[in-house]
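Participant: sequence plus the predicted model coming up.
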Amino acid sequence: MPLSAVKAVAKGQNGVGAFILQCKRLDFHYCDWAGSSRGMNAFIQKRLPQFARENPQIEITVSPRPHKHPVVKGHYINGREKAVCVRNMTTEMILEKASLLRDASGEKLKRVNKPVTSVNESVRGIWSPYHGAQYKI
Amino acid sequence: MRRISRPQQPIDLLLTSFRRPQTQSSSSPCLVCNFRAISFPKARHPSTYVAARFSTSTRLRQEPIFKPKNPEKAKAFTDSIQAKLWGGQENVLGREDPYDRNSPMRVPGGGKAENEVEAKRPQIVEEEEVSEKYADELAEESHSTEDEYSPDHGRYEEAKTWHGLERVGSKEWAEEYQDQERGRLHFRRGYLPSTKITDPEALDAALHRAIAEVFTLQKVGMDLGLTSKRAGSQNDLGFIQSVKVGPSKDGNSAIVEFSDSTNESEIVQALEALAKTSNSVDTESSPDIGPEEASSVLETTTQSQRWKEGWQSISISDPDVKFAVVKRLMQLTGHRLSDPVIQDTNTIGQLLARITAPPKPKKLVEAIQGDGRLQAVSNVKVSGQRVTPMDKEQEVGRLKVIEYALRERGLLVGAPS
């Protein structure tokens, strides 16, 4: 039976045709008493309504966490979650952290060494000693 | 760095060597009896002995610090050593002990004669004197403490009735007592009402009354501070609510229009009478008007009946007018205005806006609910309380399953079935 190459079937990729945001929920925790929540409280009052309107696909919850530092938690569709402590941060800094969590994939952070990373298979395929021309020594 | 502990210092060693021969040289052969006969006071700190040894008192310094057992032998030994050091008996320097009471190097003076007389006394007498001295000190100390802490000096009288006794136990008493303990001045309550007026209509009426009174006094040329001298004295001026207040032509002042011309003179007379009585009586001690009474007095008319058009722009930038208006307003409403607020306020409209402004919300949830911007967004959920793990389970419908499993095993105690 002659060998035949595996037929390439189009694979779905996020962003090709459709893009699904990996972050599904963002939790904003604050404290009414602690001074480290001053920026967070201002963010929730002034900046969060606009952020929520800009990202309607993300569920946003706001709840107190008494006598603790303020935290932003992101929940992702791969089941993982990421939390960022935003104590003593200003409104702008907290907005940056919320955007970072929104754009994250939910995967663990990996070191990227190469400038380009491709998700496509090599055109030449993987070399095999049992296929192709037979060399005799 | 190595340190020598204090008890091992040479001065203490000398001290201990000094004490030992004293006890042995007593008349009685029994050691215990000797110890009792000396009758040292209770445990005294060694530092007190050291102080006595280096005291300027000649009486306490008369014994030599070191006393050899055999003086003759010790002197012979010292002479031989000195001869070896200096190369012969003739060349010895410093043979005389300058600290010895019989030393020729001592300066002859007042202390010497006294020392000579005392040196003739027997050793036992000296010991007894020292012990008596300590005993006297102790007796003096105990006597002074008795004087100081004696509970009964003949001044205590047992109370038969509770009249005249300090009354304790109320909340106000506890607060006043704590203030005294902290060294604070206790301000008598009464200048401001204990509760604030929050009804906007009553606040408006109070402002109207303050403005009418102050500008009437200004028109007559009397002291503006009379308005807040005693709140109760103006209670009977009910007609003041029918007075119309509006801005003057230049806008810097207010025009007060009385429906009856006699009303103006009534106000002035009432305040003049108050000014006379205020010289003999503490006028700011206790207002007779409470917030409830004030609001009932002030709410008899509507806003349109009290003010003329443009009243909000009436200026109170004159410091005397501003101070009088603010003080009277605080007295009527119970709102305390801070100095920066008073400084920033220049018109009546600003003043009214300040006292009618709702208080700042204490919790963020209250602020969010009051604002309403966040609740208008559909993908936002706000919780007023901490979201617990149980809440999360309940949200996804897992709490029922957990409770069922626990109940099956008999582990869910106290929960409704």
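Facilitator: Received it, and whenever you're ready, just let me know what you need. Quick caveat: nothing in here was measured; it's all calculated off a predicted structure.

Participant: from now on I want contacts and neighbour counts done on CA atoms only, so please keep to that.
Facilitator: Fine.

Participant: residues near A:E121, how many?
Facilitator: Each residue near A:E121 was counted by other C-alpha atoms under 10 Å in any protein chain shown, and the total is 9.

Participant: per-residue confidence for it?
Facilitator: Per-residue confidence (pLDDT) for A:E121: 83.

Participant: so what's it up against?
Facilitator: With contact set as C-alpha atoms under 8 Å, 6 or more residues apart in numbering or on different chains, A:E121 has no partners.

Participant: ok, it to A:S128 distance?
Facilitator: Distance of A:E121 to A:S128, given as C-alpha to C-alpha, to the nearest Å: 16 Å.

Participant: now swap in B:P319 and tell me
Facilitator: Counting by C-alpha to C-alpha - B:P319 and A:S128 are separated by 98 Å.

Participant: the two: which is more packed in?
Facilitator: Neighbour count, other C-alpha under 10 Å: between B:P319 and A:S128, B:P319 has more, with 12 against 7.

Participant: list phi and psi for that one.
Facilitator: With angles defined as degrees, to the nearest 10, B:P319 sits at phi -60, psi -40.

Participant: cool, and B:R182?
Facilitator: phi -80, psi 0.

Participant: find the nearest non-adjacent residue to B:L207, please.
Facilitator: B:L329 (6.1 Å; C-alpha to C-alpha, 6 or more residues apart in numbering or on different chains).

Participant: which parts of the stretch 151-300 of chain B are helices?
Facilitator: In the stretch 151-300 of chain B, the helices defined using DSSP state H, counting those that start in this stretch lie at B:171-181, B:200-220, B:261-277, B:291-298.

Participant: mean pLDDT and mean neighbour count added to the ones you listed, as TSV?
Facilitator: Formatted as TSV, the helices of the stretch 151-300 of chain B follow (pLDDT from 0 to 100; neighbours: other C-alpha atoms under 10 Å in any protein chain shown):
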stretch	mean pLDDT	mean neighbour count
helix B:171-181	82	12
helix B:200-220	87	21
helix B:261-277	72	14
helix B:291-298	48	18
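
Participant: could you export those helices to a markdown table, including columns for distance to A:I94?
Facilitator: Below are the helices of the stretch 151-300 of chain B laid out as a markdown table (distance: least, C-alpha to C-alpha, whole Å):
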| stretch | distance to A:I94 |
| --- | --- |
| helix B:171-181 | 44 |
| helix B:200-220 | 39 |
| helix B:261-277 | 60 |
| helix B:291-298 | 46 |
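
Participant: got the CA positions of stretch A:83-101 in PDB?
Facilitator: Provided in PDB are the C-alpha atoms of stretch A:83-101 (Å, rounded to 0.1, in the frame of the first residue of the first chain):
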ATOM      1  CA  ALA A  83      -5.100  37.600  40.300                       C
ATOM      2  CA  VAL A  84      -3.300  41.000  40.500                       C
ATOM      3  CA  CYS A  85      -2.900  42.900  43.700                       C
ATOM      4  CA  VAL A  86      -3.500  46.600  43.000                       C
ATOM      5  CA  ARG A  87      -2.800  48.100  46.400                       C
ATOM      6  CA  ASN A  88      -1.900  51.800  46.500                       C
ATOM      7  CA  MET A  89      -2.300  52.000  42.700                       C
ATOM      8  CA  THR A  90      -3.800  54.900  41.000                       C
ATOM      9  CA  THR A  91      -6.800  54.800  38.700                       C
ATOM     10  CA  GLU A  92      -4.700  54.700  35.500                       C
ATOM     11  CA  MET A  93      -2.400  51.900  36.900                       C
ATOM     12  CA  ILE A  94      -5.400  49.800  37.800                       C
ATOM     13  CA  LEU A  95      -6.900  50.300  34.300                       C
ATOM     14  CA  GLU A  96      -3.600  49.000  32.900                       C
ATOM     15  CA  LYS A  97      -3.800  45.900  35.000                       C
ATOM     16  CA  ALA A  98      -7.400  45.300  34.100                       C
ATOM     17  CA  SER A  99      -6.500  45.600  30.400                       C
ATOM     18  CA  LEU A 100      -3.600  43.200  30.900                       C
ATOM     19  CA  LEU A 101      -5.900  40.600  32.500                       C
END
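
Participant: buried ones in the helix or strand hosting B:F77?
Facilitator: Per DSSP states H and E: B:F77 is located in helix B:71-86. By neighbour count with 16 or more other C-alpha atoms under 10 Å in any protein chain shown, helix B:71-86 contains the buried residues B:D79, B:Q82, B:A83.
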